[in-house]
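**Student:** below are the sequence and a predicted model for it; my questions follow.
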Amino acid sequence: MKLVERKYIDIQKWNDAISNSEVENVFMYAWYLDSVCSHWRALITEDYKTILPVPYTKKLGVRQMIQAPFTREYDIIGNEFNWSEVISFLASDFKSIHFRNQNKGLAGSEKVRTHQLLSLKDDYQNSYSTNAKRILKKVNGYTIEAAKNPLIVLDLFRENVAHKVDTISKQDLIVLEKLMNTALDLKKGELLVVKENKAIVAAGFFLFDKHRVTYLKGASTESSKKAGAMYYLMNQAMLRYQSDFSTFDFGGSDIEKVAEFYHKFGAEDRTYYDYSIDDLPFWFKTLKKLKR
């Protein structure tokens, strides 16, 4: 197991290791990490048989492993090392280690998280709630089409959602635009827009993996939201992708109302865990507090 800088990573072997794995983790491909991380290294064994990305920040000489923005979790691909060995290995080089993973009990500080999934096999629409079916039956006057400009969804988000969310910064939105543009260029994602009388009222961005399509981010106007535009968007997306993908990943949320919306489509919760190991020096913590 070696810690390798991004510039020395064989990207073809890295991406092949992920695409050939049974694990579905779109967040680990090199193109994705390059879009959302200023710095990342990776733990790699011989011939890329086992790999793990290590995104990090470096401030005042202090390195911290981070869970990069717009990534849900990291997986170890392969079986030549485990999380216990990873944590021990990284502890000497990183004063703070933050990551999310599906395995329970990996470190002392553990927070339970959830996201929502729906199988697109068989007649998945039978699992829609009565409320969702009623709203979709009433929705009319909308059309949906693919678009190429991520600013569509970003502008909708800024105007209608950003003031309600304090976890996404202006810098995060710059990163998100870069990510969506890269996904579009590589045909690893698609932007769908909902129109009413030629006016765009809702939009959502969807990422593609081997068998899974993942909802990355979306937004709608307040009036169209009340009229069911997001129900329409999700339903149309599932209809569009069901022939090419077996799983629809809603991206997930611990926010009760958002999770409840996904549950109305029959989505089921999947649990994963948020880990933080903090060995930051006292002077660094003090400076962080002063900056706040």
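**Tutor:** Received the coordinates, thanks. Numbers count the residues shown, from 1 in each chain.

**Student:** in the sheet, who's paired with Glu275?
**Tutor:** Not Glu; residue 275 is Tyr. With DSSP bridges as the criterion, Tyr275 is bridged to Phe99, Glu110.

**Student:** looks like it contacts Ser109 (just checking).
**Tutor:** Yes - the pair Tyr275 and Ser109 passes the contact test of Cβ atoms under 8 Å, sitting 6.3 Å apart. In short, each C-beta sits where N, CA and C put it, glycine included.

**Student:** just the helices in the stretch 51-200 of the chain please.
**Tutor:** Using DSSP state H, counting those that start in this stretch, the helices of the stretch 51-200 of the chain run over residues 83-91, 130-138, 151-160, 170-185.

**Student:** pull the CA atoms of the longest one into PDB?
**Tutor:** Taking Å, rounded to 0.1, in the frame of the first residue of the first chain, the C-alpha atoms of helix 170-185 are listed here in PDB:
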ATOM      1  CA  LYS A 170     -20.700  30.100  -3.200                       C
ATOM      2  CA  GLN A 171     -17.400  28.200  -3.800                       C
ATOM      3  CA  ASP A 172     -19.400  24.900  -3.600                       C
ATOM      4  CA  LEU A 173     -21.600  26.100  -6.500                       C
ATOM      5  CA  ILE A 174     -18.500  26.900  -8.600                       C
ATOM      6  CA  VAL A 175     -17.300  23.400  -8.000                       C
ATOM      7  CA  LEU A 176     -20.800  22.000  -8.800                       C
ATOM      8  CA  GLU A 177     -20.800  23.900 -12.200                       C
ATOM      9  CA  LYS A 178     -17.400  22.400 -13.000                       C
ATOM     10  CA  LEU A 179     -18.600  18.900 -12.100                       C
ATOM     11  CA  MET A 180     -21.700  19.100 -14.200                       C
ATOM     12  CA  ASN A 181     -19.800  20.500 -17.200                       C
ATOM     13  CA  THR A 182     -17.300  17.700 -16.900                       C
ATOM     14  CA  ALA A 183     -20.000  15.000 -16.600                       C
ATOM     15  CA  LEU A 184     -21.800  16.400 -19.700                       C
ATOM     16  CA  ASP A 185     -18.500  16.500 -21.700                       C
END
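
**Student:** that one versus helix 151-160: what angle between them?
**Tutor:** Here helix 170-185 points in a direction 150 degrees away from that of helix 151-160 (axes from the mean of the first three to the mean of the last three Cα atoms, to 10 degrees).

**Student:** contacts for helix 170-185 next, please.
**Tutor:** Here helix 170-185 makes contact (Cβ atoms under 8 Å, 6 or more residues apart in numbering) with 31-32, 34-36, 69-70, 148, 150-151, 153-154, 157-158, 162, 188-191, 205, 207, 216-217.

**Student:** report the buried residues of that helix.
**Tutor:** Residues of helix 170-185 classed as buried: Leu173, Val175, Leu176, Glu177, Leu179, Met180, Asn181, Thr182, Ala183, Leu184 (neighbour count, 16 or more other Cβ atoms under 10 Å).

**Student:** do the same with the third one
**Tutor:** Of the residues in helix 151-160, those with enough neighbours to count as buried (16+ other Cβ under 10 Å) are Ile152, Val153, Leu154, Leu156, Phe157, Asn160.
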